[in-house]
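1. just coords:
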Ligand SMILES: Nc1ncnc2c1ncn2[C@@H]1O[C@H](COP(=O)(O)OP(=O)(O)OP(=O)(O)O)[C@@H](O)[C@H]1O
Ligand SMILES: Nc1ncnc2c1ncn2[C@@H]1O[C@H](COP(=O)(O)OP(=O)(O)OP(=O)(O)O)[C@@H](O)[C@H]1O
Ligand SMILES: [Mg+2]
Ligand SMILES: [Mg+2]
């Protein structure tokens, strides 16, 4: 420790004469680097997210058709939209789809993550297998799913040709069930990514804590359920938010798999918005749809997110 | 002198791309500089979207291929350049079918230059299947129904169909023209006349449309149109009602048009009628309300309607030329037939713009018809309900 | 407290029967995940005539790599008949910077918002998270107008900016939720050692962020690689991204369908992403925070 | 060269008031030891001094500069965390010299410093390991090394030796003391080890429930605990307490043990203690001051006790005595041969008694 | 009802051999204390016993069952971790009763158990907090509570009291002792606190570098340390060592201090010690056995020392003496008034001397 010579002069008081400006305890100065660090992101998000959302909100109240038109028409677009069967189907589908998709993907993703975390051989290839659905363009994988799920060409035909005459798996061609077929493919697409997200979190779990649970007599299932999963709860929030966001944005999959059919039984708000904006020249109504999606998102995630964040989280 | 034109389009697949290449070749031969900006997908959805975002961002392409109804809106918004000089010089009013003019001119000015003409209400059939079952190409819906029933009894799927909303709508459109005739069609879908929309004829249209639902196989839902074509080609189904682009699939399968595969217009109970769509190029200006066309744009506009270009491009694409009176001897049997029908229909005034092709009215009308057709076809809605739904939807769509 | 850093070993059943079960379950899951891939691969290996005549799903009677070859370097995309191969570079020069940038910014945000809990940090976090839900179709037009106002219209910088910004809500979310689990004490200790905001970030936080950084990279790279809406709007002609090119190749409505080519092309287009996945595997290490604090 | 003054310091976590008005002054080059029961707020106080927690109220000054709002990294303070807080991704050597790295000290010099410090903590063979590969005590030493490598204005130590074996603890304690004397940095040191407190401190603050119960030199605190709490807390085994009453007036005042009417009271000389007749007091005596056997002719309270239990600690014998209904602990040299169950006379010498007010529990006299 | 036998146990982390052949036998209801310097492998040994680490070689048996390969959760062992290892997402109450939850004990009963245990550890007011909201000592008590709530076959304690204040430590130690006696579970306890070791243990294992240096009762280990290492390690302050040589033969053998030729050697009675003339030995004496001043007529080595430093620990005085070139530490009662710098005669009584072979450092006699 022969380094007393290295002593640095203490930095001068950052605010000059102490106390001259009073003792603001929440002064910006103290948090300046953190503010500085997030400000580019914050600025970008304020413009690209909130600025554009406001623009959209305005357009939703306007008479815009093919190009933005800033004459306001009040809630006319919303009224017309909610009067349309197509939108009602889309909105209903969104609720079903979001609920099933989020829950099932979380479950499958977690299961895969836990299995992969058992020191399995070939973890990297396996992980890649589970991830690849996200890598391949949905325009084409949607086609593959369409074939697989179509009773004439896919699983049903295969099972029947294999001798199981009564086998039926025709979700995709029936209006009432087509949304479940979409859920299957959507889960398949994102479960791998969610599992990787969970895997990253599992890799950070404190080993000592797991040991303690073992000594407390907890078996693997119990340990995961009561100790490890609560410990990776933040990852659930990440995955949950991500999946809800994806549910709201699911688009290509529906277009490629069912083209929103039969009829428009598998339409979603996102396809509705796209159609209105770019096919039917109803920009105002498209904006109304987009704003409705945002409100829906806010209704399902905001309370949870706010509640989650208000609890003190630091260790 | 700026002879360049950036051309935004969605003609990317084999025949389409070859057709575009013909145009390009001619354009470049005359000194044009061609900047290709292809965007495939969704029957032009992606194209429309890109066109929208780029135009509004002040970066409009020199030329694009909006649907006729969109071209009108773009023109109203002040983004379409003025081509009157070229039009006058090349006598466009004379060389184009009169029926097209309302959809490509606004306030007496050309806003679009037609390149390809497609027929939407075509019917295709597997010649061998028909022969085996002792059937002829049906001319009326009654004949069609009889043939279909016979085929059903023989265990053959009468109608190959892809259950996507736009295909449902093509079927509906064909039935509407066939059952109601051209005049009915125009009143209902161009003029949106509520009385016509709620008429008994419309009820009959829906009745026939409902009948067709019984002629398709169980797994039609979501099927691509080309797989439906393959069913006809492979003898799994007898008929397909689909636009004339379907012949590309049949040719690719090695079948001879007019021999292995029979073609005609969809059955009709009224004389005449032809649901067309014209694919036209519109020329955009980067700045709003600045109608001066660039030299490149004028050159391309001129090139488009040159007979050789029209002939070569349409031959490649499988459509028929927009310019009247060309010699089509190099075309296939079905195309020649289609061109004859076209000329005849133009002459007797039964040429009607396809709803599906976006040639009619504003886009929301097209959407409403598609929605109703597909909803009806994929549910057990009654014909009366169908009529009601359609009329209501079209009333709301024009608000 | 000698750390056996492997909770999985603690929890993992060691009995052979259980481990066998483990592999069986993984195998079944693997089959489910591979089924569409199998369909795609098989289709890509069949000649199109066979697909037309023998049905779309089936075991190839003739195996051919023609479709792959064509998709790589021969197929015509619009006017250019060089397959997908010329477009990879475009995608890479957009996806790599945007992925790295959004991951870095997400990490910085997550760090600033968890380890420097300044007043309003939670509100800002909520604000950022809500950005995840913005339907992009709806904002395409203002985005295009904004980029053009910034002079970035029709340039890869504009796309990089767009992808970075719209990735930020997600990357920030990932990092934030990873960093809440990192003991704050080590940040405090570094602070006592005189390290400032950035040094703590780069020297203390970054080295323990590998797993989540890889998650973020996977997410962003995949998302950007496959993105179509902005890609198609802001690139043209030869500067199009692979996904746009793939779309142009595959997504024809009225042309003749070539399913074998479609499948081969989409598999080829996905290869760089698969390479990223394989590469990323090495960073999924365990116990990066182990041993830092007690209790 | 550093004086640390804390005045009126308060800190709450939400509704929990952890520190309630703390005033402490550490002189230049002083060594303040914080003693206090678990959870009384010692670590919190260190954190506030270090600038890692914001004070709810009050101020902290170093020399004459108010640093209440200065950032932790600009306070020039080194700290050993109770939870160690090692950098998990860094080797031991880098953990130790990270502060030098921050200041831009060249690599070779850092390595040398790390080696020197590690050698003095006997972890030189671990320099290239990661914290996860260390035992508890080794981690703790790394945490100490990280502070010792610096020459800050103030050192803060939060129970730095708790996981070390006795020998290492003595050596490290000596190391810290030497360093303190050489560098002269003001230090604040939390410990539960009394001998650590006594040997290191120039000043001790005994804390209770977020307040300073007594602040003084080690000798003062041991010899004149300000309250029953301090008396009980400092010294091991703790002081014995008995109830007593003051009888008589003026110079004739005596102290009578409650419940031992038959025992001769002791005279309280005219010391001017503020006690009046009937005043209820608590009488304290440290275990090592209890004389077992017939004490010499010393003045004090003489009682008869039963030996309840004898505990050998190796260096001492702890004798648990029963006197009437009371229990007393006495500490005796190891030679003492005492048999449980037997009765012995004991003496509580008057000069070793501590008197506290029974009500307020504050010290009265002696 | 539990006997724990460990034999031939080895454990390596990669190339680091942490345990090298450990053999230990704890009788039914025994209380084994592990003592040893930091990093010698104590925690590792506990981990292996608990089944949290796989032994590299050797076996562990409970009663007559070989459990070397039994899973941790099936061993019925409770452990207090050195690092606490609390469940961060659970309240204190749930942390404590998680093992009961696993066994399906009803909620009300669990709550009651948590309250009882928490009360005995004085953390009953913290039951609904999360670990992050606790002080170091409070966390440690939760960790203890988690073990104490159970009635396992074996308790393992890894420095469980290191962060508690003296009073709490005494109380908790007593609690553990009572529990041990009541439940009768075999316990293994790691500590660095000698008095803890002495008061709790029925057996002590002194470990050094992954091996057991001595295994015996507390009294044995204190009175007859098997080696210089053990002698130095047990006892605080540690034993003093001097170099000596055996002179003479048979009953006439004497011990001569090296470098103190002028000092009278002491006679080693015919104890049959295996020493021969010229045998180089290390002589040990505990600090509290050094008599300062003219010792009574006891037999021993008489030296003249200079008082170098006097350290008050409160209950004792540590005297640092210089004798020739040597340093000795003596522990004296607090009354001893000694002035640094003065010379005093000292006596090292012969009966308190320990002899070790200078070469092997193993105990020779006495
Ligand atoms: N993962 C590891 N890799 C290499 N060496 C390790 C690892 N874990 C522990 N060690 C070493 O093993 C030895 C024994 O560690 P252990 O924790 O058992 O010591 P201990 O006796 O409990 O010490 P302490 O009293 O400091 O807690 C230590 O020297 C430590 O450095
Ligand atoms: N985040 C928190 N929220 C509420 N109470 C807290 C929080 N952190 C600490 N406390 C409480 O503040 C009190 C003081 O804690 P602190 O860590 O300062 O104690 P300590 O004196 O260091 O104790 P120990 O000797 O056990 O380490 C404790 O009673 C603790 O429970
Ligand atoms: Mg503390
Ligand atoms: Mg240990």
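-> Ah, there it is. Here the structure is a predicted model, which means the values were calculated and not measured. Residues are numbered from 1 along each chain as shown, chains lettered A, B, ... in the order given. Ligands and ions are numbered 1, 2, ... in the order given.

2. show me what the helix or strand containing residue C:94 is packed against.
-> In this structure, residue C:94 sits in helix C:88-115 according to DSSP states H and E. Packing partners of helix C:88-115 (3 or more CB pairs under 8 Å, 6 or more residues apart in numbering or on different chains; DSSP states H and E): helix A:28-45, helix C:121-130, helix C:156-179, helix C:210-226, helix C:242-250, helix C:259-280. In short, each C-beta sits where N, CA and C put it, glycine included.

3. is the next helix or strand after the fourth one anywhere near chain A?
-> Downstream of helix C:210-226, the first helix or strand assigned by DSSP H and E is helix C:229-234. No: applying CB under 8 Å from any CB of the partner chain, one finds helix C:229-234 separated from chain A by no less than 8.5 Å.

4. rewinding a little: so the helix holding residue C:94 versus helix A:28-45, what angle?
-> 150 degrees (axes from the mean of the first three to the mean of the last three CA atoms, to 10 degrees).

5. confirm residue B:277 sits in a helix?
-> No: applying DSSP: H, G, I helix; E, B strand; the rest coil, one finds residue B:277 to be strand, outside a helix.

6. look up the closest residue to it, ignoring the ones flanking it.
-> Excluding the flanking residues, the one nearest residue B:277 by CB to CB, 6 or more residues apart in numbering or on different chains is residue B:357, at 2.7 Å.

7. and the pLDDT at the one you found?
-> Predicted confidence (pLDDT) for residue B:357: 76.

8. and for the one 10 residues further on?
-> For residue B:367, the model assigns a pLDDT of 85.

9. which stretch of helix or strand covers residue 180?
-> The chain I'm using is chain A. With DSSP H and E as criterion, residue A:180 is part of helix A:178-202.

10. my bad, chain D
-> Going by DSSP H and E, residue D:180 is part of helix D:166-183.

11. quick one on the thing from earlier: and the residue nearest to residue B:277, how many neighbours?
-> Using other CB atoms under 10 Å in any protein chain shown, residue B:357 has 24 neighbouring residues.

12. relative to residue D:223, how far out is it?
-> Distance of residue B:357 to residue D:223, given as CB to CB, to the nearest Å: 105 Å.

13. please tell me how far residue D:147 sits from residue D:170.
-> Distance from residue D:147 to residue D:170, by CB to CB: 19 Å.

14. what helices and strands are in contact with the helix or strand containing residue A:134?
-> Counting by DSSP H and E, the element that carries residue A:134 is helix A:123-135. Here helix A:123-135 touches helix A:85-116, helix A:178-202, helix C:16-45, helix C:210-226, helix C:259-280, going by 3+ CB pairs under 8 Å, 6+ apart.

15. so which of those is nearest ligand 4?
-> helix A:178-202 (26.1 Å; CB to the ion).

16. close to ligand 3: what parts of chain D are there?
-> D:43, D:82 (CB under 5 Å from the ion).

17. how about residue D:18, secondary structure?
-> Looking at residue D:18 with three-state DSSP, the answer is strand.

18. which residue is nearest the middle of the chain?
-> Here I'm looking at chain A. Nearest to the mean C-alpha position of chain A, by CA atoms, centre = their mean, lies residue A:242 at 2.1 Å.

19. my question was about chain B, not that one.
-> Within chain B, and using CA atoms, centre = their mean, the residue nearest to the centre is residue B:277, at 3.6 Å.

20. ok, chain C next?
-> The centroid of chain C falls nearest to residue C:222 when counting by CA atoms, centre = their mean (2.5 Å).

21. state the distance from it to ligand 2.
-> 39 Å (CB to the nearest ligand atom, to the nearest Å).

22. residues contacting residue D:364?
-> Listed by CB atoms under 8 Å, 6 or more residues apart in numbering or on different chains, the contact partners of residue D:364 are D:273, D:274, D:275, D:281, D:355, D:356, D:357.

23. so in chain B, which helix runs the longest?
-> When chain B is parsed with DSSP state H, its longest helix is helix B:165-185.

24. thinking again about what came up before, I'd assumed residue B:352 was in contact with the residue nearest to the centre of chain B.
-> No: contact criterion CB atoms under 8 Å: residue B:277 and residue B:352 do not qualify, at 10.5 Å.

25. show me where the stretch 51-200 of chain D has strands.
-> Remark: strands assigned in the stretch 51-200 of chain D by DSSP state E, counting those that start in this stretch are D:57-62, D:65-66, D:77-80, D:154-158, D:186-190.

26. helix or strand with the lowest mean pLDDT in chain A?
-> Lowest by mean pLDDT, DSSP states H and E among the helices and strands of chain A is helix A:155-161, with a mean of 80.

27. off-centre distance for that helix?
-> Offset of helix A:155-161 from its chain centre (CA atoms, centre = their mean, to the nearest Å): 34 Å.

28. got the contact list for the residue of chain D found nearest ligand 3?
-> In chain D, no residue comes nearer to ligand 3 than residue D:43, which is 3.1 Å away by CB to the ion. For residue D:43, the contacting residues are D:82, D:158, D:190, E:135, E:136, by CB under 8 Å, 6+ apart.

29. low pLDDT regions in the stretch 101-250 of chain D?
-> Applying pLDDT under 70 to the stretch 101-250 of chain D picks out residues D:250.

30. what residues does it have near ligand 4?
-> D:135, D:136.

31. show me the helices in the stretch 101-250 of chain D, by range?
-> D:107-120, D:136-148, D:166-183, D:194-200, D:218-223, D:228-233 (DSSP state H, counting those that start in this stretch).

32. please apply the same query to the stretch 251-399 of chain B.
-> Using DSSP H, counting those that start in this stretch, helices in the stretch 251-399 of chain B cover B:295-304, B:307-317, B:333-348, B:363-377, B:383-397.

33. distance to residue A:183 and mean neighbour count for those helices - can I get that in a markdown table?
-> Below are the helices of the stretch 251-399 of chain B laid out as a markdown table (distance: least, CB to CB, whole Å; neighbours: other CB atoms under 10 Å in any protein chain shown):
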| stretch | distance to residue A:183 | mean neighbour count |
| --- | --- | --- |
| helix B:295-304 | 47 | 23 |
| helix B:307-317 | 39 | 21 |
| helix B:333-348 | 43 | 18 |
| helix B:363-377 | 22 | 25 |
| helix B:383-397 | 28 | 19 |
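
34. where does the prediction get shaky in the chain?
-> If you meant another chain, say so; for now it's chain A. A:1-30, A:310-315.

35. ah, no, chain C please
-> Across chain C (using pLDDT under 70), the flagged ranges come out as C:1-14, C:78-79, C:252-255, C:295.

36. recalculate using a threshold of 80.
-> Residues of chain C that meet the criterion pLDDT under 80 lie in C:1-17, C:52-58, C:74-81, C:117-119, C:153-154, C:236-238, C:250-257, C:286-287, C:291, C:294-295.

37. show me the domain layout of it.
-> C:7-74, C:86-294 (automatic domain parsing).

38. next, format the ones you listed as CSV and append distance to ligand 4.
-> What follows is the domains of chain C, written out as CSV (distance: least, CB to the ion, whole Å):
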stretch, distance to ligand 4
domain C:7-74, 19
domain C:86-294, 10
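
39. how about the residues of the stretch 51-200 of chain D near ligand 1?
-> D:133, D:134, D:135, D:136, D:137, D:138, D:163 (CB under 6 Å from any ligand atom).

40. could you redo the last one with a cut-off of 8 Å?
-> D:126, D:129, D:132-140, D:163-165 (CB under 8 Å from any ligand atom).

41. between the residues you listed, which sits nearest chain E?
-> The shortest approach to chain E among these belongs to residue D:137, at 2.8 Å (CB to the nearest CB).

42. could you find the closest non-adjacent residue to that closest one?
-> Residue D:137 sits nearest to residue E:38 (CB to CB, 6+ apart), 2.8 Å away.

43. just residue C:233 next, same as before
-> Residue C:233's closest residue in space is residue B:53 (CB to CB, 6+ apart), at 4.6 Å.

44. residues near the one you found, how many?
-> Residue B:53, neighbours per other CB under 10 Å, totals 25.

45. just the one 10 residues further on next, same as before
-> As a burial measure, residue B:63 scores 23 neighbours (other CB under 10 Å).

46. now swap in residue D:357 and tell me
-> There are 17 residues near residue D:357, going by other CB under 10 Å.
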